[in-house]
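1. This is a predicted model, with the sequence first.
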Amino acid sequence: MPFANEIIKRNNVTILGSGEKTLLLAHGFGCDQNMWRFMLPALTAQYKVVLFDYVGSGHSEIAHYDQVRYSSLEGYAQDVLDICEALDLQDVIFVGHSVSSTIGLIASIQKPNAFSQLIMICPSPCFLNVKPDYMGGFEKSDLEELIDLMDKNYIGWANYLAPLVMGANNSEKLVGELSGSFCSTDPLIAKTFAKATFFSDYRHLLKEAKHPVLIFQSSQDALASTEVGDYMLKQLPEAELQLIKAEGHCLHMTHPDIINQALRAYID
Amino acid sequence: MTNKITNTKLEAPGLDAFQCGALITNKHRNIIYANAYFSNELNWQVEKLIGKSSDDLFTFSSKIFIESYLMPLLLHEKKCDEIQLALLDGKNNRISIIVNAKMDDQGHIYWSLFNATKRDKLYEELIETRNKLEAQAKILQSMSVTDELTGLMNRREINLRAPELLNQAKRYVHTVALLMIDIDHFKEVNDSYGHLEGDRVLKELGLRLKTFGRQTDLIARFGGEEFIMLLPDTDASDARLFAERLHKLVSEIHVNCTPVTVSIGITMSDGSHSLEDLTKQADTALYKAKSNGRNRTEFDQTSIYTG
């Protein structure tokens, strides 16, 4: 199975636990599959759990990175579909954090058979304010400042100027050395992911959802306000929203027990 | 001894005189401590900060950065060195800061904030320089591979790119044609009508070769009034037809109401020859075309695929 092996290596796919049901956990922008580690002990006891890194994140194979493909969320959704095909997954329960909720939605619409349910943790279909009807939370200028901030934070990293000195194609080794750390990746890759995440608008897809959706909404989340959660609940054909009284955008890291419990209650 | 220390302590000018911000938040992100730096330098009243969410201290873009990097790092690794963010002071001014933070087991975060206004300025310059260099590198790259006058690739570039095309021919077992094209009596054009007229002819020919060639053909100005075209997946009869059409195309260019003509030397290869060998063979054929009266095409007789 050369295709399967290639995808498993490319996306650093990890399979843990066993059970009748399979969960596919998809990390969000910024980090990698290690994000899920606080939830894993409880999940692997009961389910088969598939973890992965998007190409360009974590320990994925950077050589497969394609600037055009990963400039939109469809490219990341293709990673998800590739993994489903490689592992021959059907009726998988997709669990996505933040932008991965949208990525999962795209993938599930493209290939409904592969999925059975979508669990979205702190999702937002559009981070931009689209006045007057929708307040995603951010103005375009905020997001441009984010790209600038990313640039500045990458300057301190060894490979900031490397592509310029070595030629873009030769930076792979340097990038590899840096990707050992949890949140690090190539600056250009991170900026491309940021643009695909924060400048896009996938609200129109919500109505097209083909599976039941469970949304975990944080009561105080700077990236996805409760209004965004309510909007999604209204637009999705079959959805449930659980409001978690918590601060922040990483419920799966800060409140893994609450999420695990609610998740189990929902899918069993 | 003990007394002495106590005395010194009492006489100390206040322990909170650090030139950096120190902040402690609880697990709900509420500020439970802020040092005097916030009132001395950041226009906040410390009492008013207590109980506020740390989210309120940062710009929107910084909030995304905090949620995407800082918090995951703190939750995962318990500390985070050196992240640049933008802080809002008590008067809503945006201030660049460097943050170092650690988290304890109860979820308290200990924040150290350092003013990074000057560093930010340097970074802006660095980013600007990088962008400039990138744009420059792009221009230089394109200049280094292009013949300035005709816009075709130069001799250096075709030398670099030919091996791949020849290897492909070998791998996929098809033949390649190399055409050496030389403008007839070009020296006379220059001598009689001046170099500007000569340049115009070269430009016109370059443009025609470019529009006539396929995407996969390699077309270069090889030197002076000499051009070469390397045509993949082309047999001898294709090449002959190609050359005939080329002669016709060139005759559209006129100098003093007289059509320009070219002589063409062609050699064929299965990909096992070097570009150098092929140009030598094509050059021999070109010489033959010249001596047979110009405005014509000849094939190199040593190449086995001669049509």
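-> Here it is on my side, so go on. Numbers count the residues shown, from 1 in each chain, chains lettered A, B, ... in the order given.
2. per-residue pLDDT, the residue of the stretch 1-150 of chain B found nearest chain A?
-> In the stretch 1-150 of chain B, no residue comes nearer to chain A than B:Ser68, which is 3.3 Å away by CB to the nearest CB. For the C-beta atoms, the positions are set from N, CA and C on the backbone; glycine is no exception. Here the pLDDT value assigned to B:Ser68 is 90.
3. For the stretch 1-150 of chain A, which residues score under the pLDDT cut-off?
-> Residues of the stretch 1-150 of chain A meeting the criterion pLDDT under 70: A:1.
4. ok, now which ones touch the closest residue to chain B within it?
-> Minimum separation of the stretch 1-150 of chain A from chain B (CB to the nearest CB) falls at A:Gly30, amounting to 3.3 Å. Taking CB atoms under 8 Å, 6 or more residues apart in numbering or on different chains, we find A:Gly30 in contact with A:Cys183, A:Ala190, B:Ser68, B:Tyr69, B:Pro72.
5. ok, A:Gln78 touching A:Val68?
-> No: A:Gln78 is not in contact with A:Val68 according to CB atoms under 8 Å; the separation is 11.9 Å.
6. Name the residue in the two with the higher neighbour count.
-> Summary of the neighbour comparison: A:Gln78 and A:Val68, criterion other CB atoms under 10 Å in any protein chain shown, with A:Gln78 having more neighbours (17 against 8).
7. any idea of the mean pLDDT for stretch B:147-154?
-> In the prediction, stretch B:147-154 has an average pLDDT of 94.
8. again with stretch B:210-224
-> 93.
9. From A:Cys31, how far out is the residue of the stretch 1-150 of chain B closest to chain A?
-> Distance of B:Ser68 to A:Cys31, given as CB to CB, to the nearest Å: 8 Å.
10. quick one: which of the two has more around it?
-> More crowded of B:Ser68 and A:Cys31, by other CB under 10 Å: B:Ser68, with 27 against 24.
11. Am I right that that one is in contact with A:Ser57?
-> No: the criterion here is CB under 8 Å, and B:Ser68 misses it with A:Ser57 at 11.7 Å.
12. list residues touching both of the two?
-> A:Cys31.
13. what helix or strand does the residue lying closest to B:Ile228 once chain neighbours are set aside sit in?
-> Nearest non-adjacent residue to B:Ile228, counting by CB to CB, 6 or more residues apart in numbering or on different chains: B:Phe222, 4.8 Å away. In this assignment (DSSP states H and E), B:Phe222 forms part of strand B:218-223.
14. Which parts of the chain are strands?
-> In the absence of a named chain, chain A is used. A:14-16, A:22-26, A:48-52, A:92-97, A:115-121, A:129-130, A:134-135, A:213-220, A:239-247 (DSSP state E).
15. my bad, the chain I had in mind was chain B
-> Remark: strands assigned in chain B by DSSP E are B:21-25, B:31-34, B:79-88, B:94-103, B:109-115, B:176-183, B:218-223, B:226-231, B:254-255, B:258-259, B:262-269, B:297-299.
16. Return the longest helix in the chain, judged by number of residues.
-> Unless you meant another one, I'm taking chain A. helix A:140-155 (DSSP state H).
17. that's the other chain; I wanted chain B
-> helix B:117-145.
18. by contact count, what packs against it?
-> Where contact means 3 or more CB pairs under 8 Å, 6 or more residues apart in numbering or on different chains; DSSP states H and E, helix B:117-145 is packed against helix A:140-155, helix A:162-166, strand B:79-88, strand B:94-103, helix B:155-171.
19. on that earlier part again, now the two most distant members of the contacts of A:Gly30.
-> Pairwise distances across the contacts of A:Gly30 (CB to CB) peak at 13.6 Å, for the pair A:Ala190 and B:Pro72.
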